[in-house]
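Participant: with the input below, show me the fold.
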Amino acid sequence: MKTEHDIRLHTGRTMPAMGIGTWQLSRDTADTIAFALDLGYSMIDTSGDYGTQPGIGEGIKRSGKPRSDFYLVTKVEETDDAYQATRRNLDELALDHADLMLIHRPPRTGAGEALWRGLIRARQEGMTADIGVSNYRTDQIDALIRDTGEVPTVNQIEWSPFGHSPAMLDYANTKGIAIQAYSPLTRGHRLDDETLIGMAGKYGKTPAQLLIRWNIQNKVAPLPKANLRAHAEENFAVFDFEIEADDMGVLDRLNERFSALGSLPYE
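Facilitator: Sure, this is the predicted structure:
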């Protein structure tokens, strides 16, 4: 489903305003993806190390949706040959191209310039429309740009009102890099926050819906995971309201650099 919130990338293509995450998708992956696509989700996020790609491919097939109706994001690992891993991912998904290929995380040493060049080659050969990174700091992104002149279209990072970086957002906006938010619901850890609960009541929405909508209004693309159909429906029902500017400020000030993983990798 296209919305007025869809994000224009610096390459001129657009990315859906939100997607469905598939990390540790513990129920029937194919059924979940087919349901999500039928519900209206148009972006699927996965990775070579999630173990979900064959199920995602089957779910896409079950949905009967044409390739133009969904946006597929997947990732290569820091130990991969990025070009070969792109082909392997596509084979698992039974697709001929991705919309966005990311480096899942930077290598322990360096910024992953060889990985980046591999993704550039994959894009040049039509295996992906756009390329980007995940879990990268600004200095690591700068190193990729210095090495190749190629600016990532996306940095996918952990991002919520409770843990985000205004400095990273400023940097990304300056470079024309879009942010995708994984764990936008804090993996459930902060859904009982009193400020969040009170504000959700004001809008007649759930705390989870408020967190997703905060991202969308910041032009950040959230990727909430949903094992249950009810959760997928709840997460998607965020396009019929708008958080007021003052309340957006209140949510911004909840920031304490919280991370469900222990620390924000880009700080």
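Participant: what about the nearest residue to V220 once chain neighbours are set aside, how many neighbours?
Facilitator: Distances taken as C-beta to C-beta, 6 or more residues apart in numbering put I179 closest to V220, at 4.7 Å, once the chain neighbours are dropped. C-betas here are computed from N, CA, C, even on glycine. Residues near I179, counting by other C-beta atoms under 10 Å, number 24.
Participant: now do the same contact list for I179.
Facilitator: I179 sits next to V154, N155, Q156, I157, W159, M168, L169, A172, V220, A221 when contact means C-beta atoms under 8 Å, 6 or more residues apart in numbering.
Participant: quick one: mean pLDDT for whatever helix or strand it lives in?
Facilitator: Using DSSP states H and E, I179 maps to strand 178-182. Strand 178-182 shows a mean pLDDT of 98.
Participant: mind listing what's buried in it?
Facilitator: Buried residues in strand 178-182, counted by 16 or more other C-beta atoms under 10 Å: A178, I179, Q180, A181, Y182.
Participant: for R213, see how far away the closest residue to F239 other than its chain neighbours is.
Facilitator: Spatial nearest neighbour of F239, chain neighbours left out: T3 (5.8 Å); criterion: C-beta to C-beta, 6+ apart. As judged by C-beta to C-beta, to the nearest Å, T3 and R213 stand 12 Å apart.
Participant: between these two, which one's more packed in?
Facilitator: R213 (25 against 13).
Participant: would you agree that one is in contact with E244?
Facilitator: No. Using C-beta atoms under 8 Å, R213 is not in contact with E244; the gap is 11.2 Å.
Participant: okay, and the beta partners of the residue nearest to the spatial centre of the chain?
Facilitator: Centroid check for the chain by C-alpha atoms, centre = their mean gives Q180 as the closest residue, at 3.8 Å. Taking DSSP bridges as the rule, Q180 bridges to Q156, A221.
Participant: what of T14?
Facilitator: Bridge pairing for T14 - DSSP bridges - gives R8.
Participant: count of residues packed around it?
Facilitator: T14, neighbours per other C-beta under 10 Å, totals 13.
Participant: test my guess that it contacts D6.
Facilitator: Yes. T14 is in contact with D6 according to C-beta under 8 Å; the separation is 4.8 Å.
Participant: quick one on the thing from earlier: hmm, the residue nearest to the centre of the chain is touching P224, no?
Facilitator: No. Q180 is beyond contact range of P224, at 11.4 Å (criterion: C-beta under 8 Å).
Participant: for R117, give me its contacts.
Facilitator: Listed by C-beta under 8 Å, 6+ apart, the contact set of R117 reads A82, D147, T148.
Participant: now, these that are in helices?
Facilitator: Mapping the contacts of R117 onto helices (DSSP state H) picks out A82, D147, T148.
Participant: between these, which is nearest W23?
Facilitator: Closest to W23 out of those is A82 (19.9 Å), distances taken as C-beta to C-beta.
Participant: not counting sequence-adjacent ones, nearest residue to the closest one?
Facilitator: G118 is the one closest to A82 (C-beta to C-beta, 6+ apart), at 2.9 Å.
Participant: same question, Q209
Facilitator: Nearest non-adjacent residue to Q209 (C-beta to C-beta, 6+ apart): V238, at 5.2 Å.
Participant: just the pLDDT at that neighbour, thanks.
Facilitator: pLDDT, V238: 98.
Participant: ok, it to Y203 distance?
Facilitator: 10 Å.
Participant: quick one: the helices in the stretch 151-267 of the chain?
Facilitator: Taking DSSP state H, counting those that start in this stretch, the helices of the stretch 151-267 of the chain run over residues 166-175, 194-203, 207-217, 229-236, 245-252.
Participant: want to try CSV for these, with distance to D91 as columns?
Facilitator: Below are the helices of the stretch 151-267 of the chain laid out as CSV (distance: least, C-beta to C-beta, whole Å):
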stretch, distance to D91
helix 166-175, 32
helix 194-203, 42
helix 207-217, 32
helix 229-236, 27
helix 245-252, 41
